[in-house]
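Asks: Build me a model from this:
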Amino acid sequence: MLPRSLTLAAFAGAMFLPLTGAAKPVTLKYRIAQTTEQTVDATAAGQGEQKVRIGYVAFLTVVLDDSAGGRTVRATVDSISADSLADANFVAPILSAKGTTGTGFVDTAGKLNGFESADTAQAIQMGTLRGLVTSLFPKVKATAKAGETWTDTTQTTDSVGPGPTTRSAVTNYKASAGTASALKYDMTSSYSVAGSAANGVVYEGSGRNVGSFQRAPEGYMVEGTFNDNSDLSLTHPSLTEPMPVANVSTVSIALLK
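Replies: Numbering: from 1, shown residues only. Presented below is the predicted three-dimensional model:
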């Protein structure tokens, strides 16, 4: 997951009137840190190898409220800052997600649905926010118990951000006992990805994601760490040959007490 993932969350405030006797909304505070090292072979552009570092730490507030068939979700990026070695030009779009808000719905399987922002002009910021929030609600086998293993095959398409991105993945899971009532999941995922950007750039490639996380019975993540490696081929309209791009990313997620 990156978070990939690279893959953050905030929610535009709809007011919910609780029914008599209904459970009170649950407020969660998260810290998400991600670092990506990118190596671009720009030989096709008449340049040599280029390296870029993108690193940030984000703090989010997520509010869950009971609803038929799941829970409504409201999220806000309270703050987000770059690490000291991050490339300012590349991390700037991510940092602009500070204050972004959005709303969505998490079903009983833990899948985040219909997550949108009140401001449709915030395409890049919303893409960052959606990535952050999605990472907090990992979709796993609903009936999973400690000791079980299984494999999931998924395909997703996200049109929010620089351009549409399609991802196909095969993920192996193993569940074990976590802290308190949470279950721990160890996962290994192999995936392929393809997408495009408004400037005519297209890319495709494959990668591998290895992670471990704990998930509360209500579906939200308690903590997690993930390592992602991908090799992509990027094609620009002005170039006759594609440029190889290698990415190495790490993500850590913590529910703050």
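Asks: alpha carbons only for contacts and neighbour counts from here, please
Replies: Fine.
Asks: Regarding this protein, what is its longest helix?
Replies: helix 123-135 (DSSP state H).
Asks: any idea of the mean pLDDT in that one?
Replies: For helix 123-135, mean pLDDT rounds to 79.
Asks: Tell me, how many residues neighbour V77?
Replies: Using other Cα atoms under 10 Å as the criterion, V77 is surrounded by 25 other residues.
Asks: which residues are contacting the helix or strand containing it?
Replies: Per DSSP states H and E, V77 falls inside strand 70-82. For strand 70-82, contacts defined as Cα atoms under 8 Å, 6 or more residues apart in numbering pick out 8-13, 54-66, 91, 95, 97-108, 129, 133.
Asks: Can you read off the pLDDT for T188?
Replies: You'll see T188 listed with a pLDDT of 98.
Asks: returning to that earlier point: helices and strands around whatever helix or strand comes next after the strand holding V77, which ones?
Replies: Following strand 70-82 in sequence order, the next helix or strand is helix 88-95 (DSSP H and E). Counting contacts by 3 or more Cα pairs under 8 Å, 6 or more residues apart in numbering; DSSP states H and E, helix 88-95 packs against strand 49-67, strand 70-82, helix 123-135.
Asks: quick one on the thing from earlier: buried sites along the helix or strand that comes right after the longest helix of the chain?
Replies: Sequence-wise, the next helix or strand downstream of helix 123-135 (DSSP H and E) is strand 149-158. Under the neighbour-count criterion of 16 or more other Cα atoms under 10 Å, strand 149-158 has T149 buried.
Asks: Next SSE downstream of strand 149-158?
Replies: Using DSSP H and E, the helix or strand that follows strand 149-158 in sequence is strand 165-177.
Asks: which residues are contacting that following strand?
Replies: 144-159, 183-196.
Asks: Point out the most buried one among the helices and strands packed on helix 88-95.
Replies: helix 123-135 (a mean of 25; mean count of other Cα atoms under 10 Å).
Asks: what about dumping the CA coordinates of that one to CSV?
Replies: Only the C-alpha atoms of helix 123-135 are listed here, as CSV (Å, rounded to 0.1, in the frame of the first residue of the first chain):
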residue,chain,number,x,y,z
ALA,A,123,-7.2,17.6,-8.0
ILE,A,124,-3.6,17.1,-6.9
GLN,A,125,-4.3,17.8,-3.2
MET,A,126,-7.3,15.5,-3.3
GLY,A,127,-5.2,12.7,-4.9
THR,A,128,-2.8,13.0,-2.0
LEU,A,129,-5.6,13.0,0.6
ARG,A,130,-7.4,10.1,-0.9
GLY,A,131,-4.1,8.1,-0.9
LEU,A,132,-3.6,8.8,2.7
VAL,A,133,-7.1,8.0,3.8
THR,A,134,-7.3,4.8,1.7
SER,A,135,-4.1,3.6,3.4
